[in-house]
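# Need coordinates for the below:
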Amino acid sequence: MQEIIEFISNNLQIVYIIILAIFVGVEVIKSIPAVLHTPLMSGANALSGVVIVGAILVMLHSDPTDYLALTLGFAAVVLGILNVVGGFAVTNRMLDMFKKKK
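Okay, the predicted model is just below:
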């Protein structure tokens, strides 16, 4: 726990940037109309794919005894995969709404 507090105190500017990015991201997402949802979801899926590849590369180059890096990398991979799968599911459901019914 002491290492986490020390890391945060040493990198306080990075923490502020992450908090600001979260708030800006929430505000941007709230103002997107429903018409743009499908194209933006496709873009988010592409970005999540990049996050997955980046997390795997970071995990490959981390020290095998650094459990924090491995845990965070694993969490990034899992959350990225969930985001990609959920994005494709939502996009598929939205595209199904535009198909003609038999």
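
# Tell me where the model's unsure across this structure.
34-35, 37-42 (pLDDT under 70).

# Measure how buried residue 80 is and give me the count.
Around residue 80 there are 21 other residues, counting by other C-beta atoms under 10 Å. C-betas here are computed from N, CA, C, even on glycine.

# for the closest residue to it other than its chain neighbours, helix, strand, or coil?
What sits nearest to residue 80 in space, not counting adjacent residues and going by C-beta to C-beta, 6 or more residues apart in numbering, is residue 52, at 4.0 Å. What DSSP: H, G, I helix; E, B strand; the rest coil gives for residue 52 is helix.

# Now for the residue nearest to residue 54 when sequence neighbours are not counted: which residues touch it?
Excluding the flanking residues, the one nearest residue 54 by C-beta to C-beta, 6+ apart is residue 76, at 7.9 Å. Shown in contact with residue 76 (C-beta atoms under 8 Å, 6 or more residues apart in numbering): 51-52, 54-55, 58.

# most neighbours, which of these?
Among the contacts of residue 76, residue 55 has the most neighbours (other C-beta under 10 Å), with 20 neighbours.

# distance of that residue from residue 101?
As judged by C-beta to C-beta, to the nearest Å, residue 55 and residue 101 stand 41 Å apart.

# With residue 95 instead?
Counting by C-beta to C-beta, the gap from residue 95 to residue 101 is 14 Å.
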